[in-house]
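Engineer: Could you look at this predicted model? Sequence included:
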Amino acid sequence: MKNLTPNPMNQNQSNYNPMASFAKGLRPVQMLTCDVWADRYRWLTTEGSAEPGLWSTDRTPYLREILQNLSPRSDYKKIVVAKGVQLGFTESGLNCVGTYIDIDPCSILYVMPTIKMADGFSKERVMPMIENSPALKAKIKPNRSRDSGNTLSSKKFPGGQLVLGGANSAASLRSRPIRVLIFDEVDAADLDVDGEGSPLALAEKRTNTFDNKKIYVLSTPTIEGQSVIWKEYEDTDRRKYFVPCPNCGEMQELLFDRLRWEPEKYDAVKYECVGCNELIDEKEKTDMLLSGKWIPTAEHHDKKKAGYHINSMYSPVGWLSWGQIAQEWDKIEKTNDENLRKTFINTILALPYSQKGEAPAWNNLYNRREKYLTNQPPADVCFITAGADVQKDRIEVEIVGWAKSKRAYSIDYRVLHGNTNEREVWDGLGKTLSETWQREDGIQLGMRLLAVDSGFNTQFVYDFCRRHDPTKVIPIKGQDKQAEVIKPPKHVDVSFDGKKVGSVLVWHVGVSVLKSELYGFLRLEIGENGEVPDGYCHFPEYAPDYFKGLTAEVLVPKEIRGFVTYQWEKKFERNEPLDCRVYARAAASVLQIDRMQPGDYDKMSGTARKEKKKPKNNDDFW
């Protein structure tokens, strides 16, 4: 939002002047809309924006109606936005906050997916906005002042307070009443917080006492059937932003499938008009956006609720270009990377990703088995991970070798029999950590990482993991509704007989995402010319039961409270091979396989590392 007007905060002004603030408070309030307030008073800094200066809504004109509907005198109570990236919507939330602090003070809650993200948002976005907008700085004392009411998570001002909370804390979502609620990236939040239900529902209840409430919910969508923002959007009038063709004037939604380009010529990407079929240059987009308008595409009974959907094709010139979008799509088509495809669908197209939940026929996989020996990795295997599934009377383990482009070899599938409440079976699992496998070319490979599911006999899993090198073994917890493959680990206490004996880092795994990816890979076929596709899965001559277990689940639709969601159900009783493969894949993700380039795989090859010494505090259950 570039503007050459000098920032008044750079002029010689005193910081906080209570008398000036008091005098200003006696003046009649200008009831501006959020877009007008931002155009007059919102300053962007070099720290938070690539285009510092006075905000201009004309740079992102699709935000104007949304900001107007969020304004104090608007009749709308709830605004829902399913959006792509590089569109400026986080700034719209900040503009809303600034407007209410300045001209209609009240209680405001700004929710991010986690408390940590809320703290970062406060430091990086909220505090710079206050410091560089004179209208706000005059109302909020510096945080260095004694009893200022200005902390990282709370900003007090005359007549109200801004609280920044995390969706992972029920306490921050259900305390005092609030009039304005902004929930940013709701799809990145857990679906259940502290066992108290939906964080969005908890936060919305806090607005019930206000007839003039405002609820602003925005996010990029995630998984079909699980995406909160998409469910919210579908329960609205579903507005789309239509722009005119510069040649024929036809109003239309910008859609990715109408981009036109030649291979590798990303500087010459054009858009084909749906009306006249003329090719439009991206430089025309600025005028197209200025002349655009939101049009409802569905009827809805609640006239005080509006829903908006906009993809990244609308990103202003100079931000995310059509050429960059085309280049990213070509990369996905070339690599057949399902994770990249999901990210593109979510963040660029602003659509929920439809998981592939239909398992391939087990006998097809059985019939394509290969004649390599178990426990003897082929020469192209670069590193080894394993996944372990814990049952009452056994631990099942699959050892997987990873080759370039996520191709996977099953090295061995083992069943360790024994009561998992006793040490012997766990000692058997521990031996895999120091085991080595000799490749066909003589290179020795060690276990890079073993992932153990903690869903059953949880404390015994934690204790096993904490007694070994944490760079060699990790406990994991599967999350069906988690959109990400892996989330950063969290510390969890390890207890026995009610006594804490240590702690361990637990990794949360998006098992539903990984099952869908695996089924996509299992459907791949070797080309007629012998070319092996990226992600292809190789298997030795296992028995039929392994392949039945690998394809034991299917994704089926379920209707819950009027919404269709999807759940995994077994079609065969034994599904441990599927779980073990997913856990081994999660271990590879922890090792950054999703970011690896071809040369990175070669660096992973080498001899097995020696197991590190056990921690000094080696108390355990036995």
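Structural biologist: Yep, it's here.

Engineer: if I look at N363, how far off is E525?
Structural biologist: Using Cβ to Cβ, to the nearest Å, N363 is found at 15 Å from E525. C-beta: built from backbone N, CA, C; applies to glycine.

Engineer: and if you look at V81?
Structural biologist: Taking Cβ to Cβ, one finds V81 at 41 Å from E525.

Engineer: Who has more neighbours out of these two?
Structural biologist: V81 (26 against 10; other Cβ atoms under 10 Å).

Engineer: in the sheet, who's paired with the spatially closest residue to the more buried one that is not a sequence neighbour?
Structural biologist: Nearest non-adjacent residue to V81, counting by Cβ to Cβ, 6 or more residues apart in numbering: L218, 4.1 Å away. For L218, the beta-bridge partners are V81, D184 (DSSP bridges).

Engineer: List the residues that contact L218.
Structural biologist: Residues in contact with L218 (Cβ atoms under 8 Å, 6 or more residues apart in numbering) are 80-83, 89, 92-93, 182-186, 229.

Engineer: got a pLDDT number for it?
Structural biologist: Reported pLDDT at L218 in the predicted model: 97.

Engineer: same check, this time on G502
Structural biologist: For G502, the predicted pLDDT is 80.

Engineer: for it, helix, strand, or coil?
Structural biologist: strand (DSSP: H, G, I helix; E, B strand; the rest coil).

Engineer: how far away is it from D427?
Structural biologist: 18 Å.

Engineer: Compare these two (neighbour count), which wins?
Structural biologist: G502 (18 against 13).

Engineer: which residues touch the nearest residue to E553 once chain neighbours are set aside?
Structural biologist: The shortest distance from E553 to any non-neighbouring residue, by Cβ to Cβ, 6+ apart, is to W568 (4.6 Å). With contact set as Cβ under 8 Å, 6+ apart, W568 has these partners: 357, 480, 512, 515, 553-556.

Engineer: farthest pair in those residues?
Structural biologist: D480 and V554 (13.8 Å; Cβ to Cβ).

Engineer: How about the contacts made by the residue nearest the centre of the chain?
Structural biologist: With the centre of the chain defined as its mean C-alpha position, the nearest residue by Cα atoms, centre = their mean is A188, 4.9 Å away. Applying Cβ under 8 Å, 6+ apart, we find A188 in contact with 113, 219, 222, 483.

Engineer: Run through the strands of the stretch 501-622 of the chain in chain order.
Structural biologist: 537-538, 553-560, 563-570 (DSSP state E, counting those that start in this stretch).

Engineer: The stretch 1-150 of the chain too?
Structural biologist: 43-44, 53-54, 78-83, 107-112.

Engineer: In terms of secondary structure, what does the second one contact?
Structural biologist: Counting contacts by 3 or more Cβ pairs under 8 Å, 6 or more residues apart in numbering; DSSP states H and E, the secondary-structure elements packed against strand 53-54 are strand 43-44.

Engineer: Who does the strand it packs on pair with, and is each partner parallel or antiparallel?
Structural biologist: strand 53-54 (antiparallel).

Engineer: Now stretch 527-534: buried residues?
Structural biologist: V532 (16 or more other Cβ atoms under 10 Å).

Engineer: Then stretch 295-305?
Structural biologist: K305.

Engineer: quick one: terminal-to-terminal distance for that stretch?
Structural biologist: Using Cα to Cα, to the nearest Å, the end-to-end distance of stretch 295-305 comes out at 14 Å.

Engineer: hmm, who's touching it?
Structural biologist: Residues contacting stretch 295-305 (Cβ under 8 Å, 6+ apart): 75-80, 235-242, 251, 307.

Engineer: how about a cut-off of 7 Å?
Structural biologist: Stretch 295-305 is contacted by residues 75-78, 236-240, 242 when judged by Cβ atoms under 7 Å, 6 or more residues apart in numbering.
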